[in-house]
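In: Got a predicted structure plus its sequence, pasted below:
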Amino acid sequence: MLALVGVFTSAQAQTQLKLPKLHGWVNPLPIDSATGKVMYRAVVQVPGASTTELYARAKKWFAAAPSTTKMPLEVDDAAGGKLVGKTGELVMQNFLGANVQVPLWRTITIQVRPGRFRYQITDFAFDSGKGASAVTPLENYLTPNALTFDDAGYPKPVLQSTIGAVQRSGRQQAAAIRQSVSGKASGDNDNW
């Protein structure tokens with residue numbers, strides 16, 4: 001009898017949990033094919049700039065980067081030309097019809113070589129209210145689930161606002177890194 005109750009409860013739970021089917025919705029965020037994570041990245045050419053100069057600019061950017069909490073660098077390797085750190089900022093998210101500010105964390109890696117540098121912004125995660133050690137990865141929101149997708153498979157307002165916040169934040173941070181580390185003012189872009 002207990003086995004039948006267990007089977008009924010299990011079957012009932014499966015029918016109640018109805019995952020949406022994605023019909024035509026395409027995630028607009030850049031996804032890294034190797035990791036499956038959202039990632040903004042680029043290699044930026046800075047002709048004539050030395051590794052030392054680029055590293056100093058990158059380190060200065062980390063020190064001045066806006067963040068809800070200043071986090072120490074996780075990697076500060078001048079010899080290898082690599083810096084890794086976390087930053088966070090408050091972003092607006094529409095949750096159950098209310099706009100709320102939530103901390104959005106991400107990991108930033110900057111690697112330098114003579115005349116160029118590479119940046120990666122990834123590991124986006126929302127704070128659960130307990131700081132950077134207790135976060136929900138952004139990819140959890142992008143996986144079909146009842147919280148973020150409707151029955152037709154389209155994003156609910158919470159996911160729409162999340163995607164918008166990540167797009168704005170990722171693009172702004174990428175632009176700030178390119179500008180600071182390359183040493184070019186934002187109006188110096190003559191590549192039109």
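Out: Looks like it arrived, so ask away.
In: drop to CA atoms for contacts and neighbour counts, all remaining ones
Out: Fine.
In: Look up the closest residue to the most centrally placed residue in the chain, ignoring the ones flanking it.
Out: When C-alpha atoms, centre = their mean is applied to the chain, the residue found nearest the centroid is F124 (2.9 Å). In this structure, F124 finds its nearest non-sequential neighbour in R106, 4.3 Å apart by C-alpha to C-alpha, 6 or more residues apart in numbering.
In: Whatever helix or strand V100 lives in pairs with which strands, and in what direction?
Out: Here V100, judged by DSSP states H and E, is contained in strand 98-113. Strand 98-113 pairs in its sheet with strand 82-95 (antiparallel), strand 116-127 (antiparallel), by DSSP bridges.
In: Now do the buried residues in that strand.
Out: V102, P103, L104, W105, R106, T107, I108, T109, I110, Q111, V112, R113 (16 or more other C-alpha atoms under 10 Å).
In: in the sheet, who's paired with the residue nearest to F124?
Out: T87.
In: what distance separates stretch 31-39 from the centre of its chain?
Out: 10 Å (C-alpha atoms, centre = their mean, to the nearest Å).
In: Would you mind measuring the gap between the ends of that stretch?
Out: 6 Å (C-alpha to C-alpha, to the nearest Å).
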